[in-house]
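Chemist: need a structure here:
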Amino acid sequence: MRALNPDQLRTFLEVVDLGSFTAAARRLNLSQPAVSLQIRELETRCGVQLLDRLGKRPFPTSAGRQLMVHATRILNEHDEALAAMRRLKDSSGQLVRVGMSMTILTYVAREAIRRFKRDNPDIGLAMNLSPTTSLADEVRNNALDLAIVSLPIEENNLVVRVFHEDTVVALVPDGQFSPTPTVATAELMSKMPFVVQGMTDVQTRLAQDWFRKRGHTPHSFFEVRNLEACRAAVAAGLGVTIVPGVMARQPMEGLLALPLDPPVRRKLAVIEHKNRRPSPAIDGLRAALLACQETCAQSDAIAPSPKAEAPRRVRA
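Modeler: Here you go, the predicted model:
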């Protein structure tokens, strides 16, 4: 049996509802012979009689009554599918997949996400909260439309738009060192386990490079789930760590935030696949995320926020 034709199903339901081929033709803006032809073709396709003619009025047969149930459901799905496509055409109802770390959402992008949802209530957001390294892979594999990441990352197949640069700070247990230090040197930071959110994470690579340039190595590594857990572990006296400067502006008992000597800076960027098709919804969210530059600049007491860099398109 060939697939059912939605137009024929709609015509069938109209004939049953109105009890007249002529009235159905008038409602559907068709000729009466065209309506009769669609009903005959539908009966041929189904292999059963769907209507009985009692006088001039058509009535559904037993098979016709069963088909009415399925036809109503099929046409409802059909109409909903078309409506969904229309919403996607003008961005209304589109789902945008965006990724960032919990830290970036909490300290950098929260207000931008709120404003975007307030101004675009019909656009859905699917949020992936993961470390930078996995987010870059998700964008490359088209599992995410956009992501905010900390640089550096492997930039192949990505468009990278830097929107903020800030200073990385050290967190050490308050009262651990005497006299109380005013800066965090590699020698000081090598005296306790170094707490990281993942051995392949940008945080770890920045720390290892910083230690290496000063001729030191970390005492040992203590791996936890995320940067918030890093901060909690340090407050509990389990080690030391480095975090983005924005995290140090929210006080936490048991922690001492120190500038690194020499300083370390990190860049935040919005990334997307270089071959992504244009989309008003994704373009709107990207603009909202890049506007996080203003939020960062207002809250960044350590260093000013530079202007967003032009996109860098990198070949595979």
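Chemist: surely L268 and P152 touch.
Modeler: No. Counting by Cβ atoms under 8 Å, P152 is not a contact partner of L268; they are 11.8 Å apart. Where you see a C-beta, it was placed from the backbone N, CA and C, and this is true even at glycine.
Chemist: more crowded one of the two?
Modeler: For the pair L268 and P152, the greater number of neighbours falls to L268 (26 against 15), based on other Cβ atoms under 10 Å.
Chemist: which stretch of helix or strand covers that one?
Modeler: strand 255-273 (DSSP states H and E).
Chemist: quick one: distance of stretch 137-144 to the chain centre.
Modeler: With Cα atoms, centre = their mean, to the nearest Å as the basis, stretch 137-144 stands 10 Å off its chain's centre.
Chemist: what number of residues lie near R212?
Modeler: When counting by other Cβ under 10 Å, one arrives at 11 neighbours for R212.
Chemist: if I look at it, how far off is S190?
Modeler: Distance, R212 to S190, by Cβ to Cβ, to the nearest Å: 11 Å.
Chemist: what's the longest helix in this protein?
Modeler: Under DSSP state H, the helix in the chain containing the largest number of residues is helix 62-89.
Chemist: give me the buried positions along the next helix or strand after that one.
Modeler: Next along the chain after helix 62-89, taking DSSP H and E as the criterion, comes strand 95-100. Of all the residues in strand 95-100, those buried under the rule 16 or more other Cβ atoms under 10 Å are V96, R97, V98, G99, M100.
Chemist: could you say which helix or strand holds I113?
Modeler: Following DSSP H and E, one finds I113 within helix 110-119.
Chemist: in the next helix or strand after that helix, what counts as buried?
Modeler: Going down the chain from helix 110-119, the next helix or strand is strand 124-129, by DSSP H and E. Of all the residues in strand 124-129, those buried under the rule 16+ other Cβ under 10 Å are L125, N128.
Chemist: partners of strand 124-129, with directions?
Modeler: strand 95-100 (parallel) (DSSP bridges).
Chemist: helix or strand: which one has A207?
Modeler: Going by DSSP H and E, A207 is part of helix 202-213.
Chemist: just the C-alphas of that helix, formatted as PDB.
Modeler: In PDB, the C-alpha atoms belonging to helix 202-213 read as follows (Å, rounded to 0.1, in the frame of the first residue of the first chain):
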ATOM      1  CA  VAL A 202      43.000  24.900  30.200                       C
ATOM      2  CA  GLN A 203      43.400  25.700  33.900                       C
ATOM      3  CA  THR A 204      46.000  22.900  34.300                       C
ATOM      4  CA  ARG A 205      47.900  23.800  31.100                       C
ATOM      5  CA  LEU A 206      48.100  27.400  32.200                       C
ATOM      6  CA  ALA A 207      49.400  26.300  35.600                       C
ATOM      7  CA  GLN A 208      52.000  23.900  34.200                       C
ATOM      8  CA  ASP A 209      53.300  26.500  31.800                       C
ATOM      9  CA  TRP A 210      53.600  29.000  34.600                       C
ATOM     10  CA  PHE A 211      55.400  26.600  36.900                       C
ATOM     11  CA  ARG A 212      57.800  25.500  34.100                       C
ATOM     12  CA  LYS A 213      58.800  29.100  33.200                       C
END
